[in-house]
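K.L.:
fold the following for me, if possible:
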Amino acid sequence: MKRLFCGLASCAAMFGYVRAWLVLAGSRSESPEIFGRYSLPLFVLVLVSALPVAGAVLWLGLARGRVVSILERFLHRLSTMGSLLEWLAFLGIPAILLLHFTGSALIPLAGDDGFAEGLVILILAVVSGGIAAAGPGRARLFGGRACMSICSVLLGILLLEIALRILTPARIFHPALDLRPNIRLQIQNGDLPGVSRTGVFSTNRWGMRGEEPPEDWREWQTIVCVGGSTTRCYILDDERTWPWLLQEDLRRVNPRTWVGNAGVPGHSTVAHVVLMQEVIPRIEPDFVIFLIGLNERGNFDLEPASTTRAYRHHDQEMWTWIFRHSRIVQTAYYLRKAYIDKVPVVGNSWPFRMDTEPLPEPELTLPSDLHDLLIDPDLTKSNVRRMIELARENGAVPIILTQPLLYEDTPRWRSILDNNIHPRDGCISAATLARLVNMVNQDIIDVCVEEGADYYDLSSAIPNSEDLYYDGIHYSEAGAALIADSVSAYLIRRGFIHDIP
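P.N.:
Reported below is the predicted structural model:
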């Protein structure tokens, strides 16, 4: 039985090694020199890492009937080398999982599922085979050390979880939505054009910008604004954001109107669907206003490698429960987004400025269909449909706004670099970004027409004037005021907001 287990463990180890090696061999360098795929260092690494497999195959052919005995002696020798098996299991596997969590930012292959799985299988097979070859005494020693290590780790996790719960506030809704409640920050804006030098950023008990939700909720006309940074209006004072000004405009018609700002910088329709699933059913507003379209071209919550690493656990029940209830997991997620994914961290100032830098090189060769520059245009359309459906299911009227921006498809902007989107194969102009966003706006309008949903072409209503923007896409105070006036006029004209009878 011992020999059989040693043989199986060796086969599993070989399988894990080959699985990881195939991922390595299938990689491609940025500057291929050999076979049009590998750089010289990468080719040497692939070749050297293939030698153990070739040697094992040759050895199996020569050893023949002595294979199991040799494997058993080899594994037994590993088990006698101090605490090697424990080090492999208790440090090797966590290290691999940590690298896998960080993704390809640190080591290019670390984010590949096959590479991580192969190495984990290899370590598990070697450890289990060594324990089996050494006999019951080694198994008891390993078990005792494992129990001590696991108990120590669990105690550390418990203490860290308690500390984080004390130090960090709980979030009412899905933790990944970044709706942090009861925040108050003083914003320093320097010399941004069209923006006050200082302002206040605050959130209510739901983590939204705006007034606290009314206690007699059903007696009010309630609106939630959903979008990215152009909805959040981070650097604008609370009372100068367009959702706040929209509330003021609408209260002239109905004083019992409440508008909540649930915008989150960088979020696309992927995250908006999560918000619609997590927030809207719990508060049931009368209207949901979406200002969307900009973040479909290269956003922070939609990653090609995993479709959406930020939310891929959302539909997996076990991971959803863990993510909701573990402050450690949530903190690890936020740290990864900030330090690994390089999502801009918003402090008391905003990292974007009006930039009219000329194109440093010719614009990349554009595809005939600009949809090819998007991550997944079909996903965007299906997400918009789902957002409309979720609003209606929860008794809210969905209203879609198209995304305005400063840039236009004009000779001036064709010579200016767009610093909001960074394709891997080169750079694009501000005019190309304008064409891209206008195309997404039209896609969204098409979906609204198909679904019979209300939409307002805000992009056509807001002039391309530098007075209305402090950079190419974010609104100045004058821009936010004009958006509020335009949207309120549309809502009143459509009869959505009415006076108290």
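
K.L.:
remind me, longest strand of this structure?
P.N.:
strand 221-227 (DSSP state E).

K.L.:
which regions of the stretch 401-501 of the chain sit below the pLDDT cut-off?
P.N.:
For the stretch 401-501 of the chain, the stretches flagged by pLDDT under 70 are 420-426, 499-501.

K.L.:
and for residue 418, the neighbour number?
P.N.:
25 (other Cβ atoms under 10 Å). From N, CA and C alone the C-beta is placed, and that goes for glycine too.

K.L.:
check contacts around residue 431.
P.N.:
If a contact means Cβ atoms under 8 Å, 6 or more residues apart in numbering, then residue 431 has 407, 408, 409, 410, 413, 414, 416 as its contacts.

K.L.:
so the last one touches residue 360, yeah?
P.N.:
No - assessed by Cβ atoms under 8 Å, residue 416 is found out of contact with residue 360, at 11.0 Å.

K.L.:
on that earlier part again, which ones among the contacts of residue 431 are found in helices?
P.N.:
413, 414 (DSSP state H).

K.L.:
in PyMOL, how would I select the buried members of the contacts of residue 431?
P.N.:
Restricted to buried positions by 16 or more other Cβ atoms under 10 Å, the PyMOL selection for those reads:
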select buried, resi 407+413+414+416
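
K.L.:
tell me the two of the contacts of residue 431 that are most distant?
P.N.:
The largest distance within the contacts of residue 431, taken as Cβ to Cβ, falls between 409 and 416 and amounts to 11.8 Å.

K.L.:
residue boundaries of the strands in the stretch 251-400 of the chain?
P.N.:
257-261, 287-291, 397-401 (DSSP state E, counting those that start in this stretch).

K.L.:
one step back: from the chain's centre, how far out does the helix or strand following the longest strand of the chain sit?
P.N.:
Once the chain leaves strand 221-227, the next helix or strand it forms, by DSSP states H and E, is helix 229-232. Relative to its chain's centre, helix 229-232 lies at 17 Å (Cα atoms, centre = their mean, to the nearest Å).

K.L.:
same question for stretch 323-335.
P.N.:
14 Å.

K.L.:
also stretch 267-275?
P.N.:
10 Å.

K.L.:
average pLDDT across it?
P.N.:
Mean per-residue pLDDT for stretch 267-275: 89.

K.L.:
which positions in it come out as buried?
P.N.:
So for stretch 267-275, counting by 16+ other Cβ under 10 Å, buried means 267, 268, 269, 270, 271, 272, 273, 274, 275.

K.L.:
check stretch 87-99 too.
P.N.:
Applying 16+ other Cβ under 10 Å to stretch 87-99 flags 88, 89, 90, 92, 93, 96, 99 as buried.

K.L.:
returning to that earlier point: now mean neighbour count too, for the strands of the stretch 251-400 of the chain, in JSON lines please.
P.N.:
Formatted as JSON lines, these follow (neighbours: other Cβ atoms under 10 Å):
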{"stretch": "strand 257-261", "mean neighbour count": "25"}
{"stretch": "strand 287-291", "mean neighbour count": "25"}
{"stretch": "strand 397-401", "mean neighbour count": "23"}
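
K.L.:
with distance to residue 331 as added columns, please give those in CSV.
P.N.:
Below are the strands of the stretch 251-400 of the chain laid out as CSV (distance: least, Cβ to Cβ, whole Å):
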stretch, distance to residue 331
strand 257-261, 25
strand 287-291, 30
strand 397-401, 34
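
K.L.:
from residue 433, how far off is residue 411?
P.N.:
15 Å (Cβ to Cβ, to the nearest Å).
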